[in-house]
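In: build me a model from this:
(chains A and B)
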Amino acid sequence: GNSVTQMEGPVTLSEEAFLTINCTYTATGYPSLFWYVQYPGEGLQLLLKATKADDKGSNKGFEATYRKETTSFHLEKGSVQVSDSAVYFCAHISSGSARQLTFGSGTQLTVLP
Amino acid sequence: DAGVIQSPRHEVTEMGQEVTLRCKPISGHDYLFWYRQTMMRGLELLIYFNNNVPIDDSGMPEDRFSAKMPNASFSTLKIQPSEPRDSAVYFCASSQEGGIPYYEQYFGPGTRLTVT
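Out: Numbers count the residues shown, from 1 in each chain, chains lettered A, B, ... in the order given. Model prediction:
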């Protein structure tokens, strides 16, 4: 079946540290992959996306590369800021699932000054 | 555009009472989704509509839950009777037709429901 497995949190980093949040997926066909971010008290916002193998999604200094061979879509940022503190969700829409997003469990990130 | 609008933002009710959550999608969007978020189960899709018609309600937990979309600009999620285990944050999201092969969903701020 379709699923998304994310690195468990919480993750606590100092400002300017390097961030990696791991994400792997199982899906039918060729899914589109997403990272959503949820800031405290808010809804989810799309952070970045990739729609085919080897695509790199990027936004606000975050990047993730669609790796079909390892079924992964790890989120990275070279230098995190306090304002990046949020919950990050990996998700996909598989080609056979219409518009249903399958989400991972979320990873809480806290960045300390 | 104001984005997806949900009301109320917070709801506290007693067990057994009826609860109605409301959502106004982004104008022009053809799809509307209702999600529930809890610590134990994460984000769950409850139901989604296309052009006001329910397409998949397999995520609705039980008969106490019902959702309607009487027109393109309004949807409700009703719980009757409510139970403490329904306490969660309920999100509404909408998206446009097209955008193949991906579909960006825009989320509202959520309604935090507490059933005592």
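
In: skipping adjacent residues, who's closest to B:Arg22 in space?
Out: The shortest distance from B:Arg22 to any non-neighbouring residue, by CB to CB, 6 or more residues apart in numbering or on different chains, is to B:Ser7 (4.8 Å). Using the backbone N, CA and C atoms, a C-beta is placed for each residue, glycine as well.

In: tell me the spacing between the one you found and A:Leu44.
Out: Using CB to CB, to the nearest Å, B:Ser7 is found at 18 Å from A:Leu44.

In: any regions of chain B where pLDDT drops low?
Out: B:1, B:98-103 (pLDDT under 70).

In: what do you get if the cut-off is 80, keeping everything else the same?
Out: Counting by pLDDT under 80, the ranges of chain B that qualify are B:1-2, B:97-104.

In: which strand residues bridge the spatially most central residue of it?
Out: Chain B has B:Trp34 as the residue nearest its centroid, 2.8 Å off, counting by CA atoms, centre = their mean. Beta bridges link B:Trp34 to B:Ile47, B:Cys92 when assigned by DSSP bridges.

In: might one say that it is in contact with B:Ala88?
Out: No: applying CB atoms under 8 Å, one finds B:Trp34 not in contact with B:Ala88, separated by 11.4 Å.

In: okay, now the closest residue to A:Leu48 other than its chain neighbours: neighbour count?
Out: In space, not counting the residues next to it along the chain, A:Leu48 is nearest to A:Gly57; the distance is 3.5 Å by CB to CB, 6+ apart. Applying other CB atoms under 10 Å in any protein chain shown, we find 20 residues neighbouring A:Gly57.

In: A:Gly57: what's it in contact with?
Out: Contact analysis of A:Gly57 by CB atoms under 8 Å, 6 or more residues apart in numbering or on different chains lists A:Leu33, A:Phe34, A:Trp35, A:Leu48, A:Lys49, A:Ala50, A:Glu63, A:Ala64, A:Thr65, A:Tyr66.
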